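> How does the following fold in three dimensions:
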Amino acid sequence: MSPRAVAGDGTGIGFDVRGDGEPLVLLAGQANSRHWWSTVRGDYAAYRTVVLDTAGTGTSDDAADHDWSTRRFARDVVAVLDEAGIARAHLYGTSMGGRVAQWVAADHPGRVGALVLGCTTAGGPGAVAPDPQVLRRLADPGENGVELRRLMAGPQVAGPLPVLGDDTMSPAARAGHRRASARHDAWAAVPAITAPTLVLHGADDELTPPANGRRLADRIPGAELVVLPGARHAYFLEPRATREVLRFLAAHPLPAPPAPGAR
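Numbering: from 1, shown residues only. A predicted model of the protein is given here:
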């Protein structure tokens, strides 16, 4: 059985830790469990990877206080770090996980080393919405599955995809995730982020248009922006994306802990 952290409201959050090296927390997208990372987690074997089931997914409980928000999910991440005994970690969040990561970095700067934000948005007045036709097809039960796969990876990617949703979620949790993602607004908060930040985006991302990545990078002091030509929303499943993340993390190692007795 995987370990569990307990959030401030009593919600149990399932997680697991694998490997050695500097800790790296991987945060999944909306309505997905830690399985989101299953096909690429091994690519980060040089790090001590931490993956968790966002409240309402996988082995985690539904939000006990019914507070479905990205800022609340960020507090759950901190609870996982506390339970795992990790004082500071690199953070890589994609899609809704990137929204959550923004709040971790803004509200808990001392817990974050390097920050990678992928296929995401700061929300608020700077958000760029998808084409209305994309939203219409996603809302249509007859088209949703085909459209989601197209948006994530396109027809050139064969076989199962780990990013098409957690079918064990309760209806309340699924609605809560949609609400949390749609209402995310860290526009005023992200300029205060002090962590070295890489913003990654697929140039052909129709679910979260790439203008969101550009605007997010412009809001965070010193942030680096990389736009991957031809990549869609699930760009992070591609080896070239992993190379960019590993390059950035290597350039921004965690600071050494203070020596015993140091002031």
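> So which residues of the chain form strands?
Ranges of strands in the chain, per DSSP state E, are 4-6, 12-18, 23-27, 48-52, 89-94, 112-118, 197-202, 224-228.
> Out of these, the one nearest residue 81 is which?
strand 89-94 (6.2 Å; Cβ to Cβ). Any C-beta I mention is one placed from the backbone N, CA and C, and that applies to glycine too.
> CA atoms only for that closest one - export them in CSV, please.
The C-alpha trace of strand 89-94 is given here as CSV (Å, rounded to 0.1, in the frame of the first residue of the first chain):
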residue,chain,number,x,y,z
ALA,A,89,12.0,19.9,-3.9
HIS,A,90,12.0,20.7,-7.5
LEU,A,91,8.5,21.0,-8.9
TYR,A,92,7.2,20.0,-12.4
GLY,A,93,3.5,20.5,-13.0
THR,A,94,1.7,20.1,-16.3
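> in that strand, what counts as buried?
Neighbour counts over strand 89-94 (16 or more other Cβ atoms under 10 Å) mark 89, 90, 91, 92, 93, 94 as buried.
> do stretch 12-30 as well
12-17, 22-30.
> what is the rounded mean pLDDT of stretch 91-110?
Average pLDDT, stretch 91-110: 98.
> Determine how far that stretch lies from the middle of the whole chain.
On the basis of Cα atoms, centre = their mean, to the nearest Å, stretch 91-110 sits 7 Å off its chain's mean C-alpha point.
> That one: end-to-end distance?
12 Å (Cα to Cα, to the nearest Å).
> for stretch 107-119, same thing?
From its first residue to its last, stretch 107-119 covers 21 Å (Cα to Cα).
> and it, how far out from the chain's middle?
10 Å.
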